[in-house]
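> Sequence and predicted structure, then a few things I'm wondering about:
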Amino acid sequence: DSSGRTVLWDGGLTRRLGVLAPSDGPTSSGPRMTTVLALAFSPDGRLLAVAEASGVVRVWDVPSRRPLVRLATPGDTVLALAFDGETLYAAGEHAPLQRYDLRAASAAEAVCRRAGDGLSPSEWRSYFPEQPYRRTCF
């Protein structure tokens, strides 16, 4: 909608089911405005991926209306999203197809491999800005 939120409607577009409002909320100059370029539901309907014109891809837990993760993109605007099980694919105009494994264990393992000793609170905010800090790589 015009305030930068993603609104969920029933299949007939007759009943509003909920609103997904990013936790980074309004800016100092007013409501956080964004343009949504692509949407994709997971096969089970529990996840919704939203590609914003800003280059951000957010993945939401639909039943709870809570953000799960904000995905880093290669700098290209994402124009298409598709799920294959728990894998999300994102395509842009210039960057190669990106593959994101959304299983929590796979994400944590990948971050631990890259970070070595685990993530500090500030590093955690860089990778998972919408999630509370958790100690990683035990």
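Nice, thanks for sending it over. Since the structure is predicted, the reported quantities are computational estimates derived from the model, not experimental observations.
> Now stretch 43-52: buried residues?
For stretch 43-52, the neighbour count (16 or more other CB atoms under 10 Å) marks 47-52 as buried. All C-beta spots, glycine's among them, are computed from the backbone N, C-alpha and C.
> from those residues, which single one is nearest residue 132?
residue 47 (19.3 Å; CB to CB).
> In contact with that closest one, which residues are there?
41, 59-62, 68, 83, 102 (CB atoms under 8 Å, 6 or more residues apart in numbering).
> Give me the buried entries from the residues you listed.
Neighbour-count burial (16+ other CB under 10 Å) applied to the contacts of residue 47 gives 59-60, 62, 68, 83, 102.
> If you average pLDDT per helix and strand, which one of the protein comes out bottom?
When each helix and strand of the chain is scored by mean pLDDT, DSSP states H and E, helix 104-115 comes last, with a mean of 64.
> just to revisit the earlier point, reformat the contacts of residue 47 as JSON lines; add distance to residue 125 and pLDDT.
Listed next are the contacts of residue 47 as JSON lines, based on distance: CB to CB, whole Å; pLDDT from 0 to 100:
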{"residue": "41", "distance to residue 125": "28", "pLDDT": "94"}
{"residue": "59", "distance to residue 125": "17", "pLDDT": "90"}
{"residue": "60", "distance to residue 125": "19", "pLDDT": "90"}
{"residue": "61", "distance to residue 125": "20", "pLDDT": "85"}
{"residue": "62", "distance to residue 125": "24", "pLDDT": "89"}
{"residue": "68", "distance to residue 125": "15", "pLDDT": "82"}
{"residue": "83", "distance to residue 125": "26", "pLDDT": "96"}
{"residue": "102", "distance to residue 125": "19", "pLDDT": "84"}
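> Which residue ranges make up each domain of this structure?
For the chain, automatic domain parsing gives the domain ranges 6-99, 103-138.
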